[in-house]
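Visitor: Provided below for reference: sequence and predicted model.
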Amino acid sequence: MVHNAYDTFELLSDCDSKIESVESYGSKILLGCSDGSLRIYAAPPPPPTELRKEPYTLEKNLKSFAKRPVVAMQVVESKGLLIALSESITIHGLPNFEAITVINKAKGANLFCWDDNRGYLCFARQKRVCLFKHDGDFLHLPLLLAPPLVVSLPSGELLLGKENIGVLVDQNRKLIPDGRICWSEAPIEVVIQMPYVIALLPRFVEIRSLRGPYPLIQTVVLRNVRHIHQRNNCVILALENSVYALFPVPLGAQIVQLAASGNFDEALSLCKLLPPEDSSLRAAKESSIHIRYAHYLFDNQSYEEAMEHFLASQVEITYVLSLYPSIILPKTSIVHEPEKLVDISGDDLNLSRGSSAVSDDTEHSPTSHSLDPDENATLESKKMSHNMLMALIKFLQKKRIIVIEKATAEVTEEVVSNAVGHNFVSHNNNRFKKTSKGHGSIPISSRAREIASILDTTLLQALLVTGQPLLAEELLKGLNYCDLKISEEILQEGSYHIALLELYKCNSMHREALKLVHKLVEESKSCGSDISLRFKPETMIEYLKPLCGTDPILVLEFSMHVLENCPTQTIELFLSGDIPAEMVNAYLKQHAPSMQAIYLEALHATNEDAITGSLQDELVNIHLSEVLNWHADLTSEKKWDEKVYSSKRKKLLSTLESLSTYHPDALLRRLPPNTLYEERAVLLGKMKQHELALSLYVHKLQAPELALSYCDRVYESIPTPSVKSPDNIYLMLLQIYLNPRKSTYNFEKKITNLLAPKKPTISRANSKLSKTRNRGSKKVAAIEIAEDTKASLSRTNSFSKSDVDEDEFIEEGDTSIMVDDVLHLLSHRWDRINGAIALKILPNETKLQNLLPFLGPLLRKSSEMYRNCSVIKRLRQSENLQVKDELYEKRKVVLEIMGDDHCSLCHKKIGTSVFAVYPNGRTLVHFVCFKDSQSMKVVAKGSPLKRNFNIEKLHNW
């Protein structure tokens, strides 16, 4: 016997006749006796509503109730009937017990049953089952085969019995797995009173649980029990001359008995049967039982099951962690001591300084028979320690989801509270002064974060000790509340570098993390350990990428460690991040000058708009310095050649041509005299000194093809180039070809003036000029206009005077005109040169035959243009005639004015007045009204206010 589920009480004794059947009606007990009488027993007054633990006395004896023994009875309170089985089945009325009807076909029946829901009466006779339906009267239904024992459960399932075996069948007539009840003997009768099944056996009454595996709960030893009857609050047992009742023990007392005896599963199942109004009592009892059960399992080394019950008890984490005294916990105000601690030595649970060797020893340990007793005990303790920690890990992982959610909600609440506080301060400072003291005295609770810190710190230690560093790394990668100091110490001593790196990262300790990465990268160069090989310079670059926008100084500082080994990736890091280009350039200039040009070139190649004027100056000066050093070396060796292009010089020229916002005048002063003419020409071009640049290409470099390509670039860079422009770049080159001596002289003079430092007198002249402007702005404006007009006239006439300049040039020296280059220019760029001006400045002795490549396409293009313009002119004239013809046709329209025609504007009759007709041919208006409307439109166009007024007036009309 596990515990007492029922208390036995004798309700009556010393019955005169042998009891054959028993039934209850209200608070009364009905006994069917062997002499055919019906004896009615009642409790002492006042009469109760249910049976109670009191002696019952005889109230009435119906001697002529039946002719033979009453072997079975059943009260049908819903219909006010008493069904009695004696010689046959007789139906009696209640409460007077008068006979209503007799079912003659039930003669010889030995058992019956009533289904109150459907009104079926079923009885067994000669191994057959007969059914009658009550519908005012009892109607017979077909016969069925009778099973040995059938009992229905409240859930709708059936308990089928044969001999001492009972099986459960669901509502679909399928056998329930593991639904097998083994009685001590074959039961005579079975009743169900949840959560127990009570069976009447030949020698005693057996009570079993209806929860698998259907254990024996209690045995009631009573001799000669004839019948068993179920009531709401008890079970009635009928003996030969007495009646007993089994009253259920209160669930609370049963739960206490089961927990005291160590039957925790059964106690927990009974807790679920407590009524809903006792929910708080139920939760308290379940929690207490779970805790006691968990301690019991923990003592018996069933650690995982123990943790499941700790989890179900909703106990605090610190309560469970006190079973692990070697766990290092963060400082907290939350303290729980369990009722019973497991006595484990420090060697068995060396968690604070443990390593993955525990799991390794467990997996690869030798057999126990080859070990000494002491070594075997040590191994078993390690296994126990490992199992304990694995169970703890599962417990913490299941608790972690809810704990982290609470901690996150607490952080969110604090952030919102701070934000609301700041807004409150900004809106009402005076009010805040009154209430801030109260707000400061009630800080937001940090209990959830303390619990989360304890949980994560413990989980990290357990994962490391059980040899699961990868799971520890995953823990640190996500949201966690690991205690920084404890975790850092453990990870450092255990050399868990990756986990330590994740710890620094999640706590935003980027400097410490980068120092660790740099240390490991340096170690990887000297040693070849597995952990060191995982850390390469690329690892630091990947770590630095997210920091570009938040801490650019830190990125620049630690990028210097990998710049030498991974220059390309480091430059890409600078370009892809949000670090200002000026900051990167300044840092590289100070710490890595050799990489400055590479960075600026990559920046320009990636985004031309990102490199500003100052950065362009830096880049060009770097390349120029390299070329100047190269030039100095070759000059000292007397190997310099202007037509030699090294990679450095090509890069300089490409940079000078591609960039546009640097300061060419400063670079021009750095160039040595009488050398590097092509670089000088590019700089002069950037300064818009096209004549000087072309002179260099023609006279110094003697490269007409470079001069021509220069002209092409300038011409194509103009948004709307015009052939007739007096500043045509090709005409400028043409004059240089025609006047080589003069252009050389002008070049030397202008370049001297260009490189000369500016005199301070210019500022004085500017100040005087400003004073003059202040005195008479109108006169100055007139003078400036006159000078501009004069300059434009001189520019247009300069080409007409070229003949005189040519003669002067010929007289000055023996330099010949570059006729071939002139003809080449005219023949290849005829469409970009003003032909009239070109013919004026050509020498008189130029042969017309040589000008055919120039004049031929030029004249063809002019003729084609003339023809096109003539065609367009004719087309427009024709279109004009068509419009006039259409106008004449419109004016030929005849309109008849009737006497009732009105003006559409003034709504008066037209009569004999002058009128106008709109183009639709139907709208008539007075000519005066039409004229007034036209004048109003003109006024409306001039003034918005008038326009609105006139439009409103027209609408009113």
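Guide: In hand now; what should we look at? Residues are numbered from 1 along each chain as shown.
Visitor: use CA for all of it now, contacts and neighbours both
Guide: OK.
Visitor: can you tell me the helix or strand for Thr655?
Guide: For Thr655, the host element (DSSP states H and E) is helix 647-658.
Visitor: buried ones in whatever helix or strand comes next after that helix, by neighbour count?
Guide: Using DSSP H and E, the helix or strand that follows helix 647-658 towards the C-terminus is helix 664-670. Residues of helix 664-670 classed as buried: 664, 667-668 (neighbour count, 16 or more other Cα atoms under 10 Å).
Visitor: and the contacts of helix 664-670?
Guide: With Cα atoms under 8 Å, 6 or more residues apart in numbering as the test, helix 664-670 has contacts from 621, 680, 683-684, 686-687, 755.
Visitor: quick one: distance of the next helix or strand after it to the chain centre.
Guide: Proceeding N to C from helix 664-670, the next assigned helix or strand is helix 677-686, under DSSP H and E. Computed by Cα atoms, centre = their mean, to the nearest Å, the chain-centroid distance of helix 677-686 equals 56 Å.
Visitor: repeat that for stretch 680-695.
Guide: Centre-to-centre, stretch 680-695 and its host chain are 58 Å apart (Cα atoms, centre = their mean).
Visitor: for that stretch, how far is the first residue from the last?
Guide: Its start and end residues considered, stretch 680-695 measures 11 Å (Cα to Cα, to the nearest Å).
Visitor: buried residues, that stretch. List them.
Guide: By 16+ other Cα under 10 Å, the buried positions in stretch 680-695 come out as 680-686, 689-695.
Visitor: and these, which is closest to Glu189?
Guide: Closest approach between those and Glu189, by Cα to Cα: Lys686, at 116.1 Å.
Visitor: list the contacts of that closest one.
Guide: Under the criterion of Cα under 8 Å, 6+ apart, the neighbours of Lys686 are 660, 664.
Visitor: ok, Met687 next?
Guide: The contact partners of Met687, by Cα under 8 Å, 6+ apart, come to 664-665.
Visitor: mind checking the SS state of Phe97?
Guide: With DSSP: H, G, I helix; E, B strand; the rest coil as the basis, Phe97 sits in coil.
Visitor: give me the pLDDT for Tyr296.
Guide: For Tyr296, the pLDDT comes out at 90.
Visitor: okay, and it sits in which element?
Guide: According to DSSP H and E, Tyr296 maps onto helix 279-299.
Visitor: same for that helix, what does it pack against?
Guide: Helices and strands touching helix 279-299, by 3 or more Cα pairs under 8 Å, 6 or more residues apart in numbering; DSSP states H and E, are helix 264-271, helix 303-312.
Visitor: what are the contacting residues of the first one?
Guide: Contacts to helix 264-271, defined as Cα under 8 Å, 6+ apart, come from residues 251, 254-256, 258-259, 282, 285-286, 289-290, 293.
Visitor: in stretch 150-166, what's buried?
Guide: Residues of stretch 150-166 classed as buried: 150, 153, 157-161, 166 (neighbour count, 16+ other Cα under 10 Å).
Visitor: kindly present the residues you listed as a markdown table, with separate columns for secondary structure, distance to Ala99 and pLDDT.
Guide: Below are the buried residues of stretch 150-166 laid out as a markdown table (DSSP: H, G, I helix; E, B strand; the rest coil; distance: Cα to Cα, whole Å; pLDDT from 0 to 100):
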| residue | secondary structure | distance to Ala99 | pLDDT |
| --- | --- | --- | --- |
| Val150 | strand | 29 | 77 |
| Leu153 | coil | 32 | 79 |
| Glu157 | coil | 35 | 81 |
| Leu158 | strand | 33 | 81 |
| Leu159 | strand | 34 | 84 |
| Leu160 | strand | 34 | 82 |
| Gly161 | strand | 34 | 81 |
| Gly166 | strand | 38 | 85 |
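Visitor: now tabulate these in TSV and tack on distance to His518.
Guide: As requested, the buried residues of stretch 150-166 are exported to TSV (distance: Cα to Cα, whole Å):
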residue	distance to His518
Val150	80
Leu153	74
Glu157	72
Leu158	74
Leu159	75
Leu160	77
Gly161	78
Gly166	75
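Visitor: which among those residues gets closest to Lys648?
Guide: Glu157 (96.0 Å).
Visitor: roughly how far does that closest one sit from Ile176?
Guide: Separation of Glu157 from Ile176 (Cα to Cα) stands at 9 Å.
Visitor: pLDDT below threshold where in the stretch 801-950 of the chain?
Guide: Across the stretch 801-950 of the chain, residues meeting the criterion (pLDDT under 70) sit at 801-816, 937-950.
Visitor: which secondary element of this structure has the worst mean pLDDT?
Guide: In the chain, the helix or strand scored least confidently by mean pLDDT, DSSP states H and E is helix 357-363, which has a mean of 33.
Visitor: closest one of the buried residues of stretch 150-166 to His227?
Guide: Comparing these against His227 with Cα to Cα picks out Val150 as the nearest, at 16.1 Å.
Visitor: off-centre distance for stretch 683-699?
Guide: Its chain's C-alpha centre lies 60 Å from the corresponding centre of stretch 683-699 when counted by Cα atoms, centre = their mean.
Visitor: what's the span of that stretch, first residue to last?
Guide: End-to-end distance of stretch 683-699 (Cα to Cα): 17 Å.
Visitor: cool, and stretch 235-247?
Guide: In stretch 235-247, first residue to last residue: 7 Å (Cα to Cα).
Visitor: what's next to that stretch, contact-wise?
Guide: 6-22, 223-230, 233-234.
Visitor: show me what the helix or strand harbouring Gln882 is packed up against.
Guide: Element membership of Gln882, judged by DSSP H and E, is helix 852-891. The contact analysis (3+ Cα pairs under 8 Å, 6+ apart) places helix 852-891 against helix 819-828.
Visitor: give the buried residues for the helix or strand just after the helix it packs on.
Guide: Sequence-wise, the next helix or strand downstream of helix 819-828 (DSSP H and E) is helix 835-841. For helix 835-841, the neighbour count (16+ other Cα under 10 Å) marks 835, 837-838, 841 as buried.
Visitor: from the residues you listed, which single one is nearest Tyr866?
Guide: In terms of Cα to Cα, no member of the buried residues of helix 835-841 lies closer to Tyr866 than Gly835, at 15.7 Å.
Visitor: any chance you could map the helices in the stretch 451-600 of the chain?
Guide: Using DSSP state H, counting those that start in this stretch, the helices assigned to the stretch 451-600 of the chain run over residues 469-477, 484-493, 497-506, 510-526, 530-533, 537-544, 552-563, 567-576, 581-591, 596-606.
Visitor: and the last one with helix 581-591, angle?
Guide: Looking back up the chat, that one is helix 596-606. Using axes from the mean of the first three to the mean of the last three Cα atoms, to 10 degrees, the interaxial angle of helix 596-606 with respect to helix 581-591 works out to 160 degrees.
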